[in-house]
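**Q** the following comprises the amino acid sequence and a computationally predicted model.
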Amino acid sequence: MKPVQSGSLRRIRNSAAYRSSALYRRALKLLPSPRGIEKPALPLTFLTFGGAAHRPMLRECIASLHRAWPSLPKVRVVSDGSLDPTKSARELDWWPGSLEVLDWRDLTARLDAPAFASLVRFAERDAMGRKMAAIVASALEAPTLYCDVDVLWFRFPETLRQLLANPGTRLLMSSDCRPMYDPALVPGRLPRLASPPYYCAGFLFAVGDFLAACEVADLLAYAAEHGIGVTEQTILAEANRQLGAGTWPAEEIVLWEEDRFSLGPSFRGRLWAARHYVGGVRHIFWRDALALRVGVGSSKQG
């Protein structure tokens, strides 16, 4: 009888871990806007990308950054076309530093050189092409840290400090726990991407014309005609491989799913700088975001 009871309790616990996310999300919605405190400016563009459905995550991502970082970057939010820039800027008016909310076309308009023609066509056909174009355009202007909206911050990453202290054209992606690439390109045309390390375009640092520093023109031409969502990550992964195959330390920028049935704040007692809440742990984002907002389970700051 005990195994049956144990199995039933485990199923109840696992279900609670997932279902409770709706409660946390509603609780966050009832909280007032974060309190923006002035901090020194950081010479960095913090870039993110999303649509109307991502607004609650966007707020919590940026709120966690404000709480965790000792200095503030310029925040640039790029819409996939469904996010109203004016409305979103009003919702983020508590941010005390530089802030701009743009439509993706505002950035692709800056990629008017012939070398970017395929990338712009990719942006016109797919949302992830728009994200990629935003990263490229932003990196041409200034050192850029890109992260998806499903990222929460707990401290300033030491790796970023090192990157900013060493100027030069660069791309550094985070690691992924499994390959998520365009099947038309991997393994056929890009066999080396089929083996670890796997790269994730949901969190990366870029500066300069990194596309020109590697050979991906044929891949961009393919994307312009046939690109799908994961084509963006595939091309960036190949560029990252050609430019040194480095990744953010996995213990600093965390992407894992082993704790998907946990019930408490996932960052408590950890030394993470940030966590990317992908796939099977998306529900934990809301629990951790609420914990950060109300000061429960504070992580160690760096």
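**A** Received the coordinates, thanks. Residues are numbered from 1 along each chain as shown.
**Q** how about the strands in the stretch 1-150 of the chain?
**A** Remark: strands assigned in the stretch 1-150 of the chain by DSSP state E, counting those that start in this stretch are 41-50, 72-79, 99-103, 144-147.
**Q** which strands and helices sit next to the second one?
**A** Think strand 72-79. Judged by 3 or more C-beta pairs under 8 Å, 6 or more residues apart in numbering; DSSP states H and E, the packing partners of strand 72-79 are strand 41-50, helix 55-68, helix 85-91, strand 99-103, helix 104-108, helix 127-141. From N, CA and C alone the C-beta is placed, and that goes for glycine too.
**Q** residues in contact with the closest residue to residue 97 other than its chain neighbours?
**A** Distances taken as C-beta to C-beta, 6 or more residues apart in numbering put residue 72 closest to residue 97, at 3.8 Å, once the chain neighbours are dropped. Neighbour list for residue 72: 39, 40, 41, 42, 66, 96, 97, 98 [criterion: C-beta atoms under 8 Å, 6 or more residues apart in numbering].
**Q** hmm, which of those residues are the buried ones?
**A** Using 16 or more other C-beta atoms under 10 Å as the burial test, the contacts of residue 72 include 42, 66, 97 as buried.
**Q** measure residue 286 to residue 295 for me?
**A** 16 Å (C-beta to C-beta, to the nearest Å).
**Q** those two - which one has more neighbours?
**A** The neighbour count for residue 286 versus residue 295, taken as other C-beta atoms under 10 Å, is higher for residue 286 (22 against 8).
**Q** any idea which element that one lies in?
**A** If you go by DSSP states H and E, residue 286 is part of helix 282-294.
**Q** I figured residue 84 was touching residue 52, is that so?
**A** Yes: applying C-beta atoms under 8 Å, one finds residue 84 in contact with residue 52, separated by 7.1 Å.
**Q** so residue 141 touches residue 45, yeah?
**A** Yes: under the criterion of C-beta under 8 Å, residue 141 makes contact with residue 45 at 7.1 Å.
**Q** more neighbours: which of those two?
**A** residue 45 (21 against 14).
**Q** residue 222 versus the more buried one, what's the distance?
**A** Taken as C-beta to C-beta, the span from residue 45 to residue 222 is 28 Å.
**Q** residue 276 now?
**A** 27 Å.
**Q** give me phi/psi at the spatially closest residue to residue 171 that is not a sequence neighbour?
**A** Among residues not flanking residue 171 along the chain, residue 210 sits closest, at 4.4 Å (C-beta to C-beta, 6+ apart). Main-chain torsions, residue 210, degrees, to the nearest 10: phi -70, psi -30.
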